[in-house]
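> how would this look folded up:
(chains A, B, C and D)
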Amino acid sequence: MPGIIIFSEDSMLAAQLMTPALELKQSLNQPITALALSEADAKALAALGADHAVFLQSAGKWVDGCAEAIFAQVNKAAASIVLIGGTLRGKTIAAYVAARMNAGMTTDAKTLKVENGKLLATRVLYAGLALCEEAVVLPAVATIRSRTFLAPPAAATPGTVESVTVETDARVTLGAVSPTGDTGVDITTAGKLVAVGRGFRKKEDLKLAEELAAVLKAELACTRGIAEDEHWLPIARYVGISGQTVKPDLYLAVGLSGQVQHMVGCRESKVIVAVNTDERAPIFEAADYGIVGDLYEVLPLLTAALRK
Amino acid sequence: MADDKYDAIIVGAGPAGSACAYTLAKRGKNVLLLERGNAAGSKNVSGGRLYTYALELLEPDMYKRAPLQRKIVREQVMLLNERGSTTIDYFDPAFGEQVPQSYSVVRAELDEWFAGEAESHGATVASGVLVDGLIEESGKIVGIRSGADEMRADIVIAADGVNSLLGQKAGLFPDAAPNSVGLGVKETIDLPDNLISARFGVKDTEGAARVAIGCTDGISGGAFLYTNKGSISIGIVFNLVEAAKQKRQVQDIFQDFKMHPAIQPLIEGGTSVEYGAHLVPELGYNGIPKRLHREGFLVIGDAAKFGINTGLIIRGMDLAIVSGLAAAQAVLETNSPSQTGELYMKQLERLLLTANQRAYQNFHNIFEISRIFSAYPNLANDAMQFLFTVDGKTPKPMLSGLYGAVKRNVTLGQLASDGWKAFRSL
Amino acid sequence: MPKCLVCYKWTLDEQDIKIKPEDLSLDASRAKGKISDFDRNAIEEAALLVEKNGGAVDALTYGTATVKQSLKDVLSRGPAKVYWIADASAESADAAVTANVLAAAIRKIGPYDLILCGEGSSDLFNQQTAARLSALLGIPCLTFLQKLSVEGAVVSATRKLEDGTEEVSVTAPVVVSVLSEINKPRIPTLKQVLGASKKPNEEIKLADLGLKPEDLVPKATRSSVKGFVMQRKNVIFKESSAADNVAKLKAGLASEGLI
Amino acid sequence: MSIKKLGPEELLALDKFSVDEGQPHILVDKAICASCTPQVCLVVCPARCYRLKDGAVNFEYAGCLECGTCRIMCTEKGVTQWNYPRATFGVTFRCS
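The predicted structure follows:
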């Protein structure tokens, strides 16, 4: 009997994949098999409602190396839909598995449903300029980026867990692995962001934004210019087409004009607020609320008002 | 042939450069046409009207292959003041029936086509190449430099536009003086063809050209409006010396013109798709540098400041093509490089380019009459308002009413002196 | 002395595509073609490798008839020869069809030690080609590289991933995909531009690749393509008193439940 | 969409630019600009690349339309170098 397969080497993302998997299970009436690279992950996914969770136990440490093993599981389960977490490793594995399955694949799906024997996904084209619907005939593969879905609540009855020993790609030798040495701040998970742009005249002035962020319990984000030209903030805080994509509840953009290359990275924020001196700056068209005014005057007032 | 030696290197694939390359390549010359934009036309902005006789000189019926927009059959002159406008509208279907004399054009399309024509006749076209300098040996120009690369030719032809950095590097003329160029700014606005045709009273293949004065805050200059296929080109050309004397940003003046109650309805419902700016040779015959050549080097097109602006008619591209043809013919005429320059000047005479320029040589003096740009358009509209106002009161005698419109705007002395100056300029 | 092949896509320049305000459809009528941005990095990386290690680079592309416009451009960037497949099927090809065609072409013109791709195309950004090629050709794959070097038959690379970097190495042949940060693509010089027209290009007919009809049927199809437009409240406070504006904004934030 | 007055950013946003990061094609000497009173660049640059910031003329080459106006009009020669951008960079006009 065909089934739905999910996999992500990222535990949080794997849990999030369960949400679309459970929805697809509803419409397809097929069981969910979750593949995981640790026993704990396998158990967690079974607890979230995977009918069956498989711990792929291997000697190899190179994640991408288990692509063929994942394909073997997919093949065994006669999968109709394979959902893979859209990390860079995940995308590599997904495309490999899709090719081995001779299947179509949609990358970074934002929504998923099944209709007339096809997996329908919405996704962006042309660097965010457009959205489209992509229909993939079954069996189909889709990758889903982090935080596209929220993880589901625990299931009433957890699924079974099995451990399988697999071979990984021995042709590739994994050498040094260096985790990102950043301060640990992940602006993509922040609920609120204060984003700064070139309206700030010097690095010390960012203090105004920091104070506002502190009151709001927000993190600081920035434009490309602030991170890459001025080096006032680390690259990890840069939002935009080649930087981070964020969707916080509040995106408070200060002293930035709102070029499309920046907005692509934050346009899915729930509420966007702009503070800018130039009334005609495109950021105001992209904002829910805005103040036309000098940030040097507005920010201290706003910080004070919110403190009350 | 050696790999790095050409008969001619032409710098700049605008109408002048492509006309020259086309003519030379067609006659079997080994030509290199260089363009700094990623494609020919991608760095070019012009009002957008081509007089096609120039293409006819190059090759009969060549214009029929060109990506032209609309055949201009309606010539309009608009006098604006703050509230209203007076328009003179000359419609003549004969413009279409005889040899078509002018078309609106979009340079991104026209220039790419033109360079392609040269290429199809064997010219080597290399775009995305910026020429940095010239190679000079024993007092002659023998080639060009681009980055670390050098390329040699019997003759280098500078078609590098109004800023002609190469002409300066060759020592032929100094940098342009502020009074010698005007600044053109332009917006392209997409609008469905049926709306364009209806608003300008033309068929879908035909178009209108409109010039307007009285919209430049008193700065010497004028606006233009051309109908294309599915778009309208709208812009203003400013006299830079006067623009620099006042405080308003040229962009603001232009945007106000766009929103003038007599202009805005023409473009309403449209979508702005591009904004550009470019310098325009302003002085006509008197602005052409005394020296346009030295051994191994010719200057053509805007680089040579060929241009005619009568206020009603603005010409540049046609003169560029003719000058490109003249340069090509000069190159073809002799094997002695020291002769080419003089032959080029003779070809300019023979092709009537010089005569055309000379005929209008005093014309720009008219533009020194500053009242043309506000007082007279105002006068025209005041007079019209008087003539067409019916309010039930006892009408003023016709003459005194008109005299009032004059008096509010100019003195009789100014009127007389301006009239005399204008007459002398023609 | 690796023998390299770089695969590239000729795409529309997304900067030239406009969203029509009336129905959000896309207007590509004025769009020019370009070599997909990230593929330029792949081409540059191949050129740099060969300049350093010797060997040779060829290029390969599959597209509609417009791919012919790319030949001079790609050859001015380093490759010694370009193979091109121009076929109408490319118009609707998905990543599966593209990989089938490229893999078949590589079997025909190969073998190659190193096959390079960009991290994704600038239009569809499917990010699948490198991994699919590795599956179809049965050779390993290293994706998302920020550093690449070749010594003898050993290809070593640094991958940049979400949680850090990892060093990997493998014996050729291998497929790789590179990140845009791996290099800065060159601006072809005059001589490189002129040299490009003297380099060979070879058309490969799709019919000569021995593909089955089903290999050319896309499994993913796109529909209802719409420009992305933000729907926002656009409540803008612009009174002269900054304090008033701030008070109104605070009320607005409160109404959204954000404070 | 209706026609409206467009601000400088909106006008430039219509155009296609490829900015040569870190390689300005026009160089401006701020010291000269500081002592310049006419400051005609502020009104004549059609791209508004020259603007007052904290009372001083600030030049931004990224939105340059490559027209040459500043080179010709700069009265105090504060524009110390004026060149076209390197090949493949700068503005690209598609419908002019």
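> close to chain C, is the lengthiest helix in chain A?
The longest helix of chain A (DSSP state H) is helix A:11-28. No. Helix A:11-28 is not in contact with chain C by C-beta under 8 Å from any C-beta of the partner chain; minimum separation 9.7 Å. Every residue, glycine included, has its C-beta placed from N, CA and C.
> And the contacts of that helix?
A:4, A:6-8, A:30-32, A:34, A:36, A:38, A:40-41, A:44-45, A:48-50, A:80-81, A:83-87, A:90, A:112-114, A:144, A:146-152 (C-beta atoms under 8 Å, 6 or more residues apart in numbering or on different chains).
> and B:A126, what helix or strand is that in?
strand B:124-127 (DSSP states H and E).
> Report the buried residues of the longest helix of chain A.
A:11, A:13-25, A:28 (16 or more other C-beta atoms under 10 Å in any protein chain shown).
> right, and out of these, which lies closest to chain B?
Distance ranking of these against chain B, using C-beta to the nearest C-beta, places A:P20 first at 38.0 Å.
> phi, psi of the residue nearest the centre of chain D?
Centroid check for chain D by C-alpha atoms, centre = their mean gives D:C49 as the closest residue, at 3.1 Å. Dihedral pair for D:C49: phi -70, psi -20, per degrees, to the nearest 10.
> pretty sure it is touching D:E66, no?
No. Checked against C-beta atoms under 8 Å, the pair D:C49 and D:E66 is beyond contact range at 10.6 Å.
> where's A:G293 relative to A:G225, distance?
21 Å (C-beta to C-beta, to the nearest Å).
> between the two, who's got more neighbours?
Neighbour totals were compared for A:G293 and A:G225, and A:G293 leads with 22 against 18 (other C-beta atoms under 10 Å in any protein chain shown).
> ok, for that one, nearest residue in space, not its chain neighbours?
C:A242 (5.1 Å; C-beta to C-beta, 6 or more residues apart in numbering or on different chains).
> do B:F386 as well
B:G401 (4.4 Å).
> Who are the packing partners of the host helix or strand of the one you found?
If you go by DSSP H and E, B:G401 is part of helix B:398-409. Applying 3 or more C-beta pairs under 8 Å, 6 or more residues apart in numbering or on different chains; DSSP states H and E, one finds that helix B:398-409 contacts helix B:375-388.
> quick one: buried residues of the helix it packs on?
Quick answer for helix B:375-388 (16+ other C-beta under 10 Å): B:375-384, B:386.
> Stretch B:220-227 too?
B:220-227.
> ok now that stretch, how far from the chain's centre?
11 Å (C-alpha atoms, centre = their mean, to the nearest Å).
> That one near chain D at all?
No. Between stretch B:220-227 and chain D, judged by C-beta under 8 Å from any C-beta, nothing touches; the nearest distance is 11.1 Å.
> Dump that stretch to CSV, restricted to CA.
Only the C-alpha atoms of stretch B:220-227 are listed here, as CSV (Å, rounded to 0.1, in the frame of the first residue of the first chain):
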residue,chain,number,x,y,z
SER,B,220,14.6,77.9,-21.6
GLY,B,221,13.5,74.6,-22.8
GLY,B,222,10.5,72.6,-24.0
ALA,B,223,8.6,69.4,-23.6
PHE,B,224,8.0,66.6,-26.1
LEU,B,225,5.5,63.8,-26.3
TYR,B,226,5.7,61.0,-28.9
THR,B,227,3.3,58.2,-29.4
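> average pLDDT for it?
Across stretch B:220-227, the average pLDDT comes to 94.
> Now for B:Y22: which residues touch it?
B:Y22 is in contact with B:58, B:114, B:117-118, B:121, B:123, B:324, B:328, counting by C-beta under 8 Å, 6+ apart.
> Same list, these, but only the ones touching chain D.
The subset of those within reach of chain D, counting by C-beta under 8 Å from any C-beta, is empty.
> would a markdown table of those residues with secondary structure, neighbour count and distance to chain A be doable?
Output for the contacts of B:Y22, formatted as a markdown table (DSSP: H, G, I helix; E, B strand; the rest coil; neighbours: other C-beta atoms under 10 Å in any protein chain shown; distance: C-beta to the nearest C-beta, whole Å):
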| residue | secondary structure | neighbour count | distance to chain A |
| --- | --- | --- | --- |
| B:L58 | helix | 21 | 40 |
| B:F114 | helix | 30 | 30 |
| B:E117 | helix | 22 | 32 |
| B:A118 | helix | 26 | 33 |
| B:H121 | coil | 17 | 37 |
| B:A123 | coil | 28 | 35 |
| B:G324 | helix | 31 | 39 |
| B:A328 | helix | 29 | 43 |
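> Dump those residues to JSON lines, plus distance to A:L206 and pLDDT.
As requested, the contacts of B:Y22 are exported to JSON lines (distance: C-beta to C-beta, whole Å; pLDDT from 0 to 100):
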{"residue": "B:L58", "distance to A:L206": "61", "pLDDT": "95"}
{"residue": "B:F114", "distance to A:L206": "52", "pLDDT": "98"}
{"residue": "B:E117", "distance to A:L206": "56", "pLDDT": "98"}
{"residue": "B:A118", "distance to A:L206": "55", "pLDDT": "98"}
{"residue": "B:H121", "distance to A:L206": "60", "pLDDT": "97"}
{"residue": "B:A123", "distance to A:L206": "55", "pLDDT": "97"}
{"residue": "B:G324", "distance to A:L206": "56", "pLDDT": "98"}
{"residue": "B:A328", "distance to A:L206": "61", "pLDDT": "98"}
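> which one of those residues is nearest chain D?
B:F114 (15.3 Å).
> So that closest one sits against B:S18, correct?
Yes. Using C-beta under 8 Å, B:F114 makes contact with B:S18 at a distance of 3.8 Å.
> anything in contact with each of the two?
B:A40.
> Please report the distance of the residue nearest to B:F386 from chain C.
45 Å (C-beta to the nearest C-beta, to the nearest Å).
> how many neighbours does D:E60 have?
So D:E60, with other C-beta under 10 Å, has 15 neighbours.
> quick one, what contacts D:L12?
Residues near D:L12 by C-beta under 8 Å, 6+ apart: B:275, D:47, D:63.
> Neighbour-wise, give me the winner out of these.
B:Y275 (28 neighbours).
> Could you measure from it over to chain C?
For B:Y275, the distance to chain C - C-beta to the nearest C-beta - is 14 Å.
> got it, and A:S38?
With distances taken as C-beta to the nearest C-beta, A:S38 is found 15 Å from chain C.
> what's around that residue, how many residues?
A:S38 has 13 nearby residues by other C-beta under 10 Å.
> Just give the nearest non-adjacent residue to it, would you?
A:F55 (6.8 Å).
> Correct me if wrong: the one you found contacts A:T160.
No. Using C-beta under 8 Å, A:F55 is not in contact with A:T160; the gap is 11.4 Å.
> Is the strand holding B:A126 in proximity to chain C?
Yes. Counting by C-beta under 8 Å from any C-beta, chain C has neighbours in strand B:124-127: B:124, B:126.
> now the helix or strand following that strand: mean pLDDT?
Per DSSP H and E, the first helix or strand lying C-terminal to strand B:124-127 is strand B:133-137. Averaged over strand B:133-137, pLDDT sits at 97.
> which residues in the stretch 1-150 of chain B form strands?
B:5-11, B:31-35, B:49-51, B:71-80, B:85-91, B:102-104, B:124-127, B:133-137, B:140-146, B:149-158 (DSSP state E, counting those that start in this stretch).
> Having no further points to raise, I will conclude here.
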